[in-house]
Structure formats: C-alpha cells, structure tokens
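> need a 3D model of the following:
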Amino acid sequence: MPAAGGIRKTRVIVKQDRPTLAILGGTGALGCSLATRWAAAGYPVVLGSRSRDKAETAARGIQAANGARRCAAMRMRAPRARAISS
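Sure, this is the predicted structure:
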C-alpha cells in the first residue's frame, strides 16, 4: 500500500558478495560508460536519472551488452535549491 504522497516503500534484501553501485546521471555518456564497465566487472549497478524511461533503456542496453543481470534503473529527483539552503 502506498505511503503518504503516493510513494511506495519497498524493502529488498539481497545477499551478495560485492557492493551495489548507484550511478547518478547514469544515462549520460560518462555515467553510462562507468556503469557498463562496473557491470562487466560483476558489480550490481543502479542507474539514476531524472527520466525513468531513459534509465530503463540504458539498463537494458548494459544488460544486453555484457550479460549483466544485476543492472536496475530508477528515477531520481534532486531537491530544489531553496530546500537545501533552508
């Protein structure tokens, strides 16, 4: 059931031998290149982007390129400058 504000909280427990890498801006040239290299080395990767569609497309491309099964995408939004300075 979604929490207040429509955000659904999900808890996932995964036993793994390597840390998960979160790459913000994962759909850009540099972020996608880093994600591809780390995924090829066997690290689980999460691509963060303002556009979930772009992040999912990039994650599918990384999975197809090197068979990385642990590559996920998520939409991330930066807080407004006013909220940070308060």
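
> what's opposite G48 in the beta bridge?
Beta-bridge partners of G48, counted by DSSP bridges, are L24, M74.

> okay, strands next: where are they in this structure?
21-24, 45-49, 71-75 (DSSP state E).

> pick the most buried one from these.
strand 45-49 (a mean of 23; mean count of other CB atoms under 10 Å). Every residue, glycine included, has its C-beta placed from N, CA and C.

> which stretches of the protein have low pLDDT?
Within the chain, the set of residues satisfying pLDDT under 70 comprises 1-16, 68-69, 78-86.

> quick revisit: what's the closest of the strands of the chain to I62?
Judged by CB to CB, the one of these that comes nearest to I62 is strand 71-75, at 4.8 Å.

> helices and strands around the closest one, which ones?
strand 45-49, helix 52-66 (3 or more CB pairs under 8 Å, 6 or more residues apart in numbering; DSSP states H and E).

> what's the spacing between I62 and I23?
10 Å (CB to CB, to the nearest Å).

> what touches both of the two?
Common neighbours of I62 and I23, using CB atoms under 8 Å, 6 or more residues apart in numbering, are A35, V45, L47.

> turn the strands of the chain into TSV, columns for distance to E56.
Below are these laid out as TSV (distance: least, CB to CB, whole Å):
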stretch	distance to E56
strand 21-24	14
strand 45-49	8
strand 71-75	4
